[in-house]
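1. for reference, the sequence and a predicted model appear below.
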Amino acid sequence: MEQSLTPLIATIHKCNQDLDFLAAQLAEAFPTTLENASQQQQQQQRRSSGRTSSKRPKQIMDPTDLLRRLNTLETDVRDLKSEAATVVEAKEMFAREASAAVATNAALLAQLRQEASLAEVEDDEETAGSVQLFSKLAATFTSTPGR
């Protein structure tokens, strides 16, 4: 029984490490959102501990708390929209850079193909078919749509 649990426990520890790593990555990428989330949790805990003495039923929230929560949510939405715009901008910049790199690679492949067609290669056991294979690969790469 214990032998069958050992791999399971190791897997759980690995998952916990992965989750900690991802949480650190998220905290680094979206520091404002995580700070707001922890502030919201602290505020909710304070509110829930302060409500026990309140005469209101638990289903009806204090209007002041509702306004504060609404303000916090609006701030979080603004922060998320701003971060989303930053992410979209970074994605577009990456797409432009990747397209430029692919275009450069295609041009270099075309140049290599042209130089390879001009070079005289004697077929022997090592190079037999290499020129044709390279030409095929270069043609496939340069003719692939979206590149």
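-> Received it, and whenever you're ready, just let me know what you need. Quick caveat, the model's predicted, so the values are computed rather than measured.
2. pLDDT weak spots in the protein?
-> 1-5, 30-38, 49-58, 120-129, 131, 144-147 (pLDDT under 70).
3. all helices of it, in order?
-> Secondary structure of the chain by DSSP state H: the helices cover 2-29, 31-50, 63-118, 130-143.
4. possible to save these as a markdown table with mean neighbour count?
-> (Glycine included, C-beta is placed from N, CA and C.) Converted to a markdown table, these look like this (neighbours: other Cβ atoms under 10 Å):
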| stretch | mean neighbour count |
| --- | --- |
| helix 2-29 | 10 |
| helix 31-50 | 12 |
| helix 63-118 | 12 |
| helix 130-143 | 13 |
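5. and Q59, how far is that from A101?
-> 58 Å (Cβ to Cβ, to the nearest Å).
6. now do L118
-> 26 Å.
7. give me the distance from stretch 20-30 to the chain's centre.
-> 11 Å (Cα atoms, centre = their mean, to the nearest Å).
8. revised request: answer the last question for stretch 85-96.
-> Put simply, stretch 85-96 sits 12 Å off its chain's centre (Cα atoms, centre = their mean).
9. got the CA coordinates for it in PDB?
-> Only the C-alpha atoms of stretch 85-96 are listed here, as PDB (Å, rounded to 0.1, in the frame of the first residue of the first chain):
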ATOM      1  CA  ALA A  85      -4.000  46.000 -23.600                       C
ATOM      2  CA  THR A  86      -0.300  45.600 -22.700                       C
ATOM      3  CA  VAL A  87      -0.500  41.900 -23.400                       C
ATOM      4  CA  VAL A  88      -2.200  42.500 -26.800                       C
ATOM      5  CA  GLU A  89       0.400  45.000 -27.700                       C
ATOM      6  CA  ALA A  90       3.200  42.600 -26.700                       C
ATOM      7  CA  LYS A  91       1.600  39.900 -28.700                       C
ATOM      8  CA  GLU A  92       1.300  42.100 -31.800                       C
ATOM      9  CA  MET A  93       4.900  43.200 -31.400                       C
ATOM     10  CA  PHE A  94       6.000  39.500 -31.100                       C
ATOM     11  CA  ALA A  95       4.000  38.600 -34.200                       C
ATOM     12  CA  ARG A  96       5.700  41.500 -36.200                       C
END
